[in-house]
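Q: predicted model follows, preceded by the sequence.
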Amino acid sequence: MSTAEITDERVARATSGPILGMVLFVASEAMFFATFFGAYFTIRAASPAWPPKGIPHLEIGIATVLTVILVSSSFVLQQGVRAIRRGDGRGLQAWLAGTLGLGISFLGLQLYDYSQLGFGLKDGIFGTLFYVMTSLHMAHVFGGVVFLGLVFTQARTGQLSRSRHESLEAGAIYWHFVDVVWVGLYTVFYLLTPR
Amino acid sequence: MGSSPLPVTRTRIARLAAASALLLLTGCAKEGISPQGQEVHRLFVIIMILAAPVFLGVEAVLIWCIVRYRKRDDDPAPQTVGGSRSLVVFFAIPAVIIAVLFPFGEATLMNIERRETPQVQIKVEGFQWEWTFLYLNEGLFVAGKTLVRPAVMVLPVDEPVQIQLVSRDVIHSFFVPDLLFKRDAIPGRTTTFTFTPTKLGTFHGQCAEFCGLWHSRMTFDVKVVAPLDYQAWIKQQRKKAQGITCEPQGTTLSLIAHNISWNQFCLAVPANTPFTVDITNQDVGIQHNFSIYDSFFEKKKYFTSPRITGPDSETLNANPLPPGHYYFQCDVHGPAMSGAFIVK
Amino acid sequence: MAVTQAPTRELTPEPRGRLLVWLTTTDHKKIGILYLVNSFSFFTVGGIFALLMRTELARPGQQLIGAHAYNELFTIHGTLMIFLVIFPILAGLGNYFVPLQIGALDMAFPRINALSFWLLPVGGLTILSGFLAKGGAAACGWTCYAPLNEQLGTGVDLWLAGLILVGTASILGAINFIVTILRMRAPGMTMMRLPVFVWGILATSLLVILATPVFTAGLIMLFADRRLGTSFFDPAHGGVALLWQNVFWFFGHPEVYMLILGAWGVVTEILSVFSGRPIFSYRGVVLSFLMITALSFTVWAHHMFATGAVELPFFSITTELISIPTGVLFFVWLGTLWKGKLRFEVPMLFALGFIALFLIGGIDGVWAASPAMDFAIHDTYWVVAHLHYVLFGGTLFGIMAGMYYWFPKMSGRMLSRKLGQWHFWLQFIGFNVTFFPMHILGLRGMPRRIADYAPDRGWSFLNLVSTIGAFLIAISLLIFFANVLTTLRKPRSAPADPWRANTLEWATSSPPPPHNFDALPAIHSGRPVYDARVAEAGPTDRGSR
């Protein structure tokens, strides 16, 4: 085997490195969030009442809108991934812009929701779980917005192509993960909490 | 490249050392002063019987290889490797040992967890850094004082004892080596277990879950006595408690907390009159408060103050109380910091 | 076959000035050495703390150190040894040797690799800075249980911040290792030809990815309880005190395997090299590593038997099950030695010592696996004996084996054999004198983490014996450091393959050039350097291989 063939083979195998890296990173983040969900169920099982006394009824309206925003942002982003896989750089930019817009809307609307809730971080165990888990999630959405923003800049300056768009693929994996975590939070805090 | 020489006598020394180690280890496990403890001692021996051949066997093969297979010539060693059959054997041998061990362990566990009908029921409270033993049926308590006096749990021999264990602050652990048993004392969660002491004597106990500054001094004693002596002791403790009495001297009380103790064990106020209590907490960094209950059973709370962290002082205003014999305590430390509250 | 540069990565020209080179390097070999220097520095700090504790405990009565200071010492000793010494030494050896052993140019992400390293001294110093804080350094034990962990001063905040940094570093490092091992192997280096050390690092990295984030989450919960008014662990406000222990040990048990898998890999390789035999069952080793990795997530509550709040039979059986693949490893090691031609070079002494001592550590854990027995020995010096037999008698002996084995490759010089033998025997004897008596102390009821004990407990004599052993260990380590420092002054003279070893790192010069290999041998088995040596020797030559 000639040197060129060896190095080419290694390059071909090495290009999926960053994506594998992102998958592993997402795995570690999944365990990170799983710990909080574990804490939630442990504490809930040990509590005499759920939600605890004094916590106002959680309105499902805004939370449902948030869920729609984030879930649709995943579909929008995936359209962008499909676009660049076809070589459509302009299409990618449009879909990415859409994703970023939805992501930023999510953050803004969640902050508004916080102001309407009627209980705070220090209001006992429910406040603890709700605010810590959702704000850590928000931090991850923010991180995703920053990452995809950088990918957007790469797209705009023509650095992404049909054969080379690893940063987007990696970013998409991360974004979908953040979406799934939100669905988990929505389920646990809004769907599984008795009225 | 040469190698360092290893004399054969090392094999013998190693074997001797191993044998004496085993003898030592078996001899060092406590016998146990209760049937539960004796069960655990038996389990210790059973595990030793399973472990010793493994230990001696592996060390012997190791030493054998060191002695027998030292490189003495330039011939290559056989390049054979083990196949699937070896692997199956390698997995099977420890699996068999575990299969034998597990049932013995389970049987012992079931024996020691068997609940008996307790004659004596004691609520054990751990706090930083001593113990309080509340004798629930006899209506009295014994408290230890950190760094000064360990709490002593007096028990009648051959009677089952039920312990209800809880912590008032951080996690502690109730450990009596001679019982070959410990259980963690957890805040917010009472754990129950029983044992029957079958030997007379005084046995050491100590907190076994690190709990802060004086963890090393959070000791107690278990004193197992004849049934008659136990009854005598109960009578004596009751007399002491009832003997605490005092007269009201105005409507202002003054109380100092120092070294996790109050400076007075009896307070009195006139009946049906509001009163004030001046609390001074001299324990730096330690919280205390002041509460009044019916008794140490805490069935009814008549007054409670917020916790204050020393060094600090506070004046508390309390509502009038009808005449009676009440009980005051610091809720952080419980009966260890308590006294009689007389209203006349 | 010549492998010079992969077209996608160019070797950056080295900056001038030696300090700057070390501060800015992304070369896995230099980073590996940085890891070792950093860890041995923290090892010295942690070791001095151990000597202070042993000196205090030698006699009953508080002579040298007050209760609070003692509590700080055992906390920081444990934290440093686990997070800044043992784990990073294995990561450092991994950094240096994984790319070499798989025939790669560097790690997959060299700059992240550098970041992973530099987070370590920052994290470690943050933890140590607790000594300067009001209330002193963290004084809750390396396990720092709730609710005690919410009471203590700023030292605990610095402790948890340092650990978040260190944890992040290890997660990034684990991603790096896994991608490197899966994506950057030289042609012919299939997964089942990987050196067992690489498998050890791979398994360790899987554990880090899945378990360390759990600890990070727990530390964030602790910080929130302490400083943001939340109540995860506060029963007075609806929290659950035992939640901390469950989170901690869900991470903590895989953590202890993170601390030994790499050492198992090194030791297995060294036994093979210095017996002149192949590993008796390579498949057995790989299977055991993977089974232990998986099972390690099912045993955590065996640390909590005494709480009365966990499912005892389940965790007892899983704990006992994990001893099965561990037992397989012993059979493989003995099978490798059997009928070998043993050469007692210093790496081999430490590898053999490892087997003798890790056996004891593994076996004495079996007593604790049975809940009824554990009620008697949990939180006593029996556990201190057990953990040191596995982490010190086990991993540290394995690390020393690796250090003597790989020192020539890293530095180009051979360590003094005489000093190495003194180091080994003094450390072996000192270790047993220190830690064997602790089994007996535990059975006699001496709890852990006590600054002092009463003279009438019958613990005094064995504590004195143990302290004498500790000073023997200290002397042995001074000999090791002296060996290293004097050897580094000598000129480079080590050949590429001083040990007649098997794996790819021995196919290049000592130390390797920046691009690692001028020419890779053909890879047709798990022992490419052995194969090359045998081929060179020719079929009629009966010379030893």
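A: Nice, I can see it.
Q: so which strand or helix has residue 164?
A: This is for chain A. Using DSSP states H and E, residue A:164 sits within no helix or strand.
Q: actually, chain C is the one I wanted.
A: helix C:154-183.
Q: all the helices of chain A, residue numbers only.
A: A:3-14, A:17-46, A:60-85, A:89-116, A:124-156, A:166-186 (DSSP state H).
Q: rounded mean pLDDT for the second one, please.
A: Per-region confidence: helix A:17-46 scores 96 on mean pLDDT.
Q: low pLDDT regions in chain B?
A: Scanning chain B for pLDDT under 70 picks out the ranges B:1-27.
Q: okay, domains of it per the record?
A: Domain assignment for chain B by automatic domain parsing gives B:6-67+B:88-113, B:120-242, B:252-343.
Q: is the longest one positioned near chain C?
A: Same thing as domain B:120-242. Yes. Interface with chain C: domain B:120-242 contributes B:169-171, B:173, B:175, B:177-178, B:180-184, B:186-189, B:191, B:193, B:204, B:206-217, B:219 (CB under 8 Å from any CB of the partner chain). (C-beta placed from N, C-alpha, C; glycine too.)
Q: circling back to that earlier point, of the helices of chain A, which is nearest residue C:85?
A: Each of the helices of chain A has some distance to residue C:85 by CB to CB; the shortest is helix A:17-46, at 23.2 Å.
Q: spatially nearest residue to residue B:199, not counting backbone neighbours?
A: Sequence neighbours aside, residue B:33 is the residue nearest to residue B:199 in space, at 4.1 Å (criterion: CB to CB, 6 or more residues apart in numbering or on different chains).
Q: number of residues surrounding that neighbour?
A: Number of residues near residue B:33 (other CB atoms under 10 Å in any protein chain shown) recorded here: 24.
Q: cool, the one 3 residues further on as well?
A: Residue B:36 has 26 neighbours, counted by other CB under 10 Å.
Q: close enough to count as contact, it and residue B:183?
A: No. Counting by CB atoms under 8 Å, residue B:36 does not reach residue B:183; the two are 11.8 Å apart.
Q: report the contact partners of residue 123.
A: Went with chain A since none was named. Neighbour list for residue A:123: A:54, A:55 [criterion: CB atoms under 8 Å, 6 or more residues apart in numbering or on different chains].
Q: can you look at chain C instead?
A: Applying CB under 8 Å, 6+ apart to residue C:123 gives the contacts C:83, C:84, C:162, C:163, C:164, C:165, C:166, C:169.
Q: measure it to chain B for me?
A: Using CB to the nearest CB, to the nearest Å, residue C:123 is found at 23 Å from chain B.
Q: tabulate the CA atom coordinates of the helix or strand encompassing that residue in CSV.
A: Assigned by DSSP H and E, residue C:123 belongs to helix C:110-128. In CSV, the C-alpha atoms belonging to helix C:110-128 read as follows (Å, rounded to 0.1, in the frame of the first residue of the first chain):
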residue,chain,number,x,y,z
PRO,C,110,-4.8,18.0,19.8
ARG,C,111,-5.9,21.5,21.0
ILE,C,112,-8.8,20.1,23.1
ASN,C,113,-6.2,17.7,24.4
ALA,C,114,-4.1,20.6,25.7
LEU,C,115,-7.1,22.2,27.2
SER,C,116,-8.0,19.0,29.0
PHE,C,117,-4.6,19.1,30.6
TRP,C,118,-4.4,22.7,31.6
LEU,C,119,-7.8,22.5,33.4
LEU,C,120,-6.2,20.0,35.8
PRO,C,121,-3.6,22.2,37.6
VAL,C,122,-6.2,25.0,37.7
GLY,C,123,-8.8,22.7,39.2
GLY,C,124,-6.3,21.2,41.6
LEU,C,125,-5.1,24.6,42.8
THR,C,126,-8.7,25.7,43.2
ILE,C,127,-9.3,22.8,45.5
LEU,C,128,-6.1,23.6,47.5
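Q: may I see the buried residues of that helix?
A: Within helix C:110-128, the residues that count as buried by 16 or more other CB atoms under 10 Å in any protein chain shown are C:110, C:112-117, C:119-121, C:123-124, C:126-128.
Q: just those now: which is nearest residue C:259?
A: Nearest to residue C:259 among the buried residues of helix C:110-128 is residue C:120, at 15.4 Å by CB to CB.
Q: isn't that closest one right next to residue C:88, touching?
A: Yes. Under the criterion of CB under 8 Å, residue C:120 makes contact with residue C:88 at 5.8 Å.
Q: shared neighbours, these two?
A: In contact with both residue C:120 and residue C:88: C:35, C:38, using CB under 8 Å, 6+ apart.
Q: follow-up on the earlier one: show me how far the helix holding residue C:123 is from its chain's centre.
A: Distance of helix C:110-128 from the chain centroid (CA atoms, centre = their mean, to the nearest Å) equals 17 Å.
Q: which element follows it toward the C-terminus?
A: Scanning onward from helix C:110-128 (DSSP H and E), the first element met is helix C:148-151.
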